[in-house]
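# Give the three-dimensional model of this entry:
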Amino acid sequence: MNLHGKDLICTQDWEIEELEAVLSLAEEMKAHRYDHLYNNCLNRKTFFMFFYNPSVRTRQSFECAATELGGHAQFLEPKAMRLKTATTPGETVEDAAQVMSRYACGIGIRILEDKISAYGEGEALLREYAKWASVPIISMAHDKYHPCQGLADVMGLRAHLGRDFRGKRLLQVWGHGALVRSWCSVQESLLINTRLGMDVTLSYPVGYDLDPGVIAACEENARRARGRFEITHDQKKAYKGADVVYSRNWMSPQAYREGQLDKKGESERAMGYRDWICDREKMALTNDALFIHPMPVDRGHEVTAEIASGPRSIIYEVAENRLHIQKAILALTMGEI
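Residues are numbered from 1 along each chain as shown. Okay, here's the model as predicted:
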């Protein structure tokens with residue numbers, strides 16, 4: 001299977017067999033971290049990391065991934081570059097993408113909710129870069145999707161549930177909190193797990209709907225995979241019998257007002273739903289469920305510390321998997337293999 005040069009903006013854009021190739025190679029690389037056959041496949045190659053938003057795990061894991069493959073990951077910030085924006089003159093995406101393609105073997109872009117003026121602008125930027133670049137464009141999280149996180153989630157769950165997700169139930173549940181978070185990790189989780197045949201329940205308070213296009217895609221994914229996808233606003237019903245619980249905050253569809261993210265309003269609104277928290281009482285309704293989260297965890301709001309640090313939590317394992325998933329993506333899309 002030849003994935004060399006392929007963009008990764010959303011897992012939904014790739015065939016199941018292509019995603020399985022990434023997962024399989026990531027598992028190999030985890031088992032043979034420092035002595036894998038492909039550990040020099042990026043020898044003397046550079047991967048540009050274009051950060052509109054800061055990170056902890058994303059920068060660290062991509063830099064480690066490039067280093068362990070014999071290459072280099074270069075950190076870039078738009079504020080340190082003369083790029084054209086809606087309000088300032090500068091270099092266009094067409095020019096920047098074509099020049100950077102002549103320097104690096106791939107370009108990663110991270111752009112989240114507070115660096116755009118309306119939902120969808122982040123993805124539009126990545127797809128504009130993909131249009132003009134001659135090297136792969138990799139999403140390091142944008143406002144709609146987070147493919148590397150979705151794949152790391154699957155890798156972590158398979159270690160505990162087995163490779164076949166059919167008959168297993170994932171609860172994707174909203175959690176309250178002061179942080180105003182984009183839909184990217186949540187929507188990616190819904191998409192990839194419905195494609196892989198897991199029964200997925202999405203639960204949230206009225207008024208926190210996600211992208212209708214993503215919901216329609218999840219329904220179609222579930223139909224094709226012969227799984228189930230359902231939405232409920234009843235927490236007790238949602239938790240009952242779940243094998244995996246993924247509790248995370250996300251902003252409402254009304255988050256953008258007059259061309260900017262209303263962080264204060266969104267935070268105040270979310271804090272009005274204090275009963276939407278993953279805790280011992282709710283987890284007792286599950287099938288001894290695993291707890292997953294993309295991190296950073298808003299402890300005491302999205303989930304209690306008892307659950308986040310408990311014996312059924314695999315948050316650190318999933319975080320580690322980001323390294324191995326990203327090594328596999330870099331090797332397959334940019335490496336000499």
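
# Against the centre of this protein, work out the most remote residue.
P89 (31.5 Å; C-alpha atoms, centre = their mean).

# How much space separates that residue from L83?
Computed as C-beta to C-beta, to the nearest Å, the P89 to L83 distance reads 10 Å. From N, CA and C alone the C-beta is placed, and that goes for glycine too.

# returning to that earlier point: just say helix, strand or coil for the residue farthest from the centre of the chain.
Secondary structure for P89, judged by DSSP: H, G, I helix; E, B strand; the rest coil, is coil.

# okay, now T232: neighbour count?
Using other C-beta atoms under 10 Å, T232 has 14 other residues around it.

# looking at it, it is touching S203, isn't it?
Yes: counting by C-beta atoms under 8 Å, T232 touches S203, with 5.2 Å between them.

# what sits in contact with each of the two?
A238 (C-beta atoms under 8 Å, 6 or more residues apart in numbering).

# so who does the residue most central in space within the chain touch?
Centroid-nearest residue in the chain, with C-alpha atoms, centre = their mean: H146, separated by 2.6 Å. By C-beta under 8 Å, 6+ apart, the contact list for H146 reads 139, 184-185, 188, 294.

# from the residues you listed, which is closest to H32?
Ranked by distance to H32 (C-beta to C-beta), the contacts of H146 are led by P294 at 25.8 Å.

# From A66, how far out is the closest one?
The spacing between P294 and A66, counted by C-beta to C-beta, is 21 Å.

# tally of neighbours for D114?
Neighbour count for D114, taken as other C-beta under 10 Å: 14.

# so it touches E266, yeah?
No: counting by C-beta under 8 Å, D114 does not reach E266; the two are 10.8 Å apart.

# what residues do those two have in common as contacts?
Listed contacts common to D114 and E266 are V180; contacts here mean C-beta under 8 Å, 6+ apart.

# can you give me the strands in the stretch 51-200 of the chain?
Counting by DSSP state E, counting those that start in this stretch, the stretch 51-200 of the chain has strands at residues 72-76, 106-111, 137-142, 169-174, 199-203.

# Can I get the ones you listed in TSV including mean neighbour count, distance to V99 and mean pLDDT?
Rendered in TSV, the data for the strands of the stretch 51-200 of the chain read as follows (neighbours: other C-beta atoms under 10 Å; distance: least, C-beta to C-beta, whole Å; pLDDT from 0 to 100):
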stretch	mean neighbour count	distance to V99	mean pLDDT
strand 72-76	17	12	97
strand 106-111	26	11	98
strand 137-142	27	14	98
strand 169-174	25	40	98
strand 199-203	23	42	98
